[in-house]
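Asker: with the input below, show me the fold.
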Amino acid sequence: MTILVTGATGNVGRAVVEQLIERGHRVRALSRDPGRAALPAGVEVVGGDLAEPGTLDAAFEGLSAVHLMTYNADQGALTTGPELAKLVERSGAGRVTVLWSGSEGSVERALQAGPTPWTFIQPGEFMSNALTWADSIRTEGVVREPFARARNASVHEGDVAAVAAHALTEDGHAGRRYVLSGPEALTVPQKVAELGAALGRELRYVELTEEQARERWRESGASPEAVDMLAEWHRDPPPAGYTVVPTVREVTGRPARSFADWAAERADRFR
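Answerer: Numbering: from 1, shown residues only. The predicted structure is shown next:
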């Protein structure tokens, strides 16, 4: 039997694929552009789109487990939950994990109403979000962000994938909602310092005003609603954003990786 990983070319999905392959499982990866997936040897890459269930029959054939996304990078939250839940049920899968945003949408509601045992995995901010600083670090040695005092307990994408891999292949995770964090809550200046240590050079943090940050988000194409949400979240993060929880250790048996660990692993991306 095969484990299907959707969102397989994303930061978390790719890590789920890699960890399952390392453990000797058969993996099928769903991609909207299979020719550009560039996944490890031995992975069966199939085309399809979670927003278009009619494209998914081949992907959902003969499965032991499924890792699902709840959103489409281009279109936002998926509205195809009932169709996806039926595909999961027909596939024969005995487990389904869901990369969950924390608010129940079409996919979450449909899975909870169906017979397949589910596990919801809710990470905080990904450490990989720091990759948006790569260009300015390479060219100027500078990171520009607002709200220097705001902290978050960002989580290593590999740890999110590890929790998913355990839930996809082991008993004992059905009906669980796993909230994930890294091992410490850091400010942006602290993260910049950790990146500088990994690179062996001093980096500079420049604090943007809120209006400068809003203008940057608007220029990137964010809607007015999204700009307001980003400003509110960064200005005054909810407790879930900075609270350290032991879930990674409890599920995987090892501690969550630190931002310093992540920075050392990804240093070449900033050089």
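
Asker: check what pLDDT Glu104 gets.
Answerer: Looking at Glu104, its pLDDT stands at 87.

Asker: repeat that for Trp233.
Answerer: pLDDT recorded at Trp233 is 86.

Asker: now swap in Gln75 and tell me
Answerer: We have a pLDDT of 64 for Gln75.

Asker: how about the strands in this protein?
Answerer: Ranges of strands in the chain, per DSSP state E, are 2-5, 27-31, 44-47, 63-68, 71-72, 76-77, 95-99, 118-123, 142-146, 151-152, 177-180, 186-187, 204-208.

Asker: would you map the helices across the stretch 1-150 of the chain?
Answerer: Here the stretch 1-150 of the chain has its helices, by DSSP state H, counting those that start in this stretch, at 11-22, 81-91, 106-113, 134-140.

Asker: export the ones you listed as TSV, with columns for distance to Pro53.
Answerer: C-beta: built from backbone N, CA, C; applies to glycine. As requested, the helices of the stretch 1-150 of the chain are exported to TSV (distance: least, C-beta to C-beta, whole Å):
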stretch	distance to Pro53
helix 11-22	19
helix 81-91	4
helix 106-113	12
helix 134-140	36
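
Asker: where does pLDDT dip in this protein?
Answerer: Where the chain drops to pLDDT under 70, the residues are 73-75.

Asker: can I see the domain layout of it?
Answerer: With domains defined by automatic domain parsing, the chain comprises 2-116, 125-155+181-243+257-271.

Asker: tell me the most buried of those?
Answerer: domain 2-116 (a mean of 19; mean count of other C-beta atoms under 10 Å).

Asker: mind checking how far that domain is from the chain centre?
Answerer: Taking C-alpha atoms, centre = their mean, to the nearest Å, one finds domain 2-116 lying 13 Å from the centre of the chain it belongs to.

Asker: endpoints of it, how far apart?
Answerer: This stretch, domain 2-116, spans 16 Å end to end (C-alpha to C-alpha, to the nearest Å).

Asker: stretch 99-119 too?
Answerer: 9 Å.

Asker: which residues are contacting it?
Answerer: Stretch 99-119 is contacted from outside by 7, 12, 67-71, 77-82, 84-86, 88-89, 93-98, 120-123, 160, 164, 167, 173-178, 240, using C-beta atoms under 8 Å, 6 or more residues apart in numbering.
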